[in-house]
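> Got a predicted model here, sequence first, then my questions.
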Amino acid sequence: MSDALETAETKPEKPAHLKKGRRAWVKRNGKKLVRTIAGYQSKQSIVPDTPKIDNSHFPWLKDFTDNWETIRDEAEAVLAFRDEIPSFHEISPDQYRLSTAKNWKTHVLFGFGQRLETNTELTPKTADILERVPNLQTAMFSILAPGYHIPAHKGVTKGILRSHLGLIIPKDRQKCRIRVDDTITAWEEGEIFVFDDTYEHEVWNETDEERVILLFDFDRPMKLGGRLLNKTFLQIMKLTAFYQDPKKNLASAEEKMEAAIRQADANMEAMSDPAG
């Protein structure tokens, strides 16, 4: 079976290091905590608690639709270093069930609220626009291989909302889509939408073309109590392996990308040197 045709029906084996007692305990009890506080977060929300949330609640999204072609061009610059772009599970090992082989690659621009300077070297305008997002948490170019299916799953916390901006979308876009709860959306170039990823969602790319979007997470607009709870929850998460492992892997991925960019620059200089 080719990489692009692996699907959720072929359930991956959990990596051995993810089965360790402490990590399993944190994950099991973390899920209980998330379920306990989700109802309070919902009541604290000042935007609708629905699977998809209308763009009118986030007027700053216009920056993305106004500049989507610039963002797409910067994404294409990143794709020139395709071999150095890690798969999602190489950054976040706990995503092994959703990301297999090289089917779902992610070039992270912001991680846990921090701008990745090396990874945004090729994307300065995109990074500048992202920095204007209120309480941005994470941002990345999400690159989905032809024929791949991301199985149904749920996000970690209702305190975070997710947005998708279509950049490079297959011609038969109706076959490249996301389901959030019972709502199905086909991506469109230059179009953006927001959803709550704690609702079950899954993704299909049933075409022979690659799909590229800008994916970013930001704090759900909430009343004071909800904001304080969300901040505390995220601080606790930063003490666990679910934060520490991706942080370490992001640093390693940045080093690889930096080396590739420097080598490409050196090659260009050598080619342009008349004495060479």
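Cool, the structure landed. Residues are numbered from 1 along each chain as shown.
> Now do the strands in the chain.
When secondary structure is read from DSSP state E, the chain shows strands at 52-53, 104-111, 114-115, 136-144, 149-153, 160-168, 176-180, 183-186, 192-195, 201-205, 211-219.
> Any chance of a markdown table for those strands, columns distance to Asn230 and mean pLDDT?
For the C-beta atoms, the positions are set from N, CA and C on the backbone; glycine is no exception. Shown next, in a markdown table, are the strands of the chain (distance: least, Cβ to Cβ, whole Å; pLDDT from 0 to 100):
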| stretch | distance to Asn230 | mean pLDDT |
| --- | --- | --- |
| strand 52-53 | 16 | 98 |
| strand 104-111 | 17 | 96 |
| strand 114-115 | 17 | 93 |
| strand 136-144 | 10 | 97 |
| strand 149-153 | 21 | 95 |
| strand 160-168 | 8 | 98 |
| strand 176-180 | 21 | 98 |
| strand 183-186 | 24 | 97 |
| strand 192-195 | 17 | 98 |
| strand 201-205 | 20 | 98 |
| strand 211-219 | 6 | 98 |
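> These: which one's closest to Gly39?
For the strands of the chain, distance to Gly39 was read as Cβ to Cβ. The smallest value, 16.1 Å, belongs to strand 160-168.
> Run through the neighbouring helices and strands of the closest one.
Contact here means 3 or more Cβ pairs under 8 Å, 6 or more residues apart in numbering; DSSP states H and E; on that basis strand 160-168 packs against helix 62-66, helix 68-79, strand 136-144, strand 192-195, strand 211-219.
> Could you rerun that using 7 Å?
Where contact means 3 or more Cβ pairs under 7 Å, 6 or more residues apart in numbering; DSSP states H and E, strand 160-168 is packed against helix 68-79, strand 192-195, strand 211-219.
> So for Trp60, which of the ones you listed sits nearest?
Comparison of those against Trp60 by Cβ to Cβ identifies strand 211-219 as nearest, at 9.7 Å.
> how distant is that closest one from the center of its chain?
Relative to the chain's own centre, strand 211-219 is displaced by 5 Å; criterion: Cα atoms, centre = their mean, to the nearest Å.
> What angle do strand 176-180 and it make with each other?
Between the direction of strand 211-219 and that of strand 176-180, the angle (axes from the mean of the first three to the mean of the last three Cα atoms, to 10 degrees) works out to 30 degrees.
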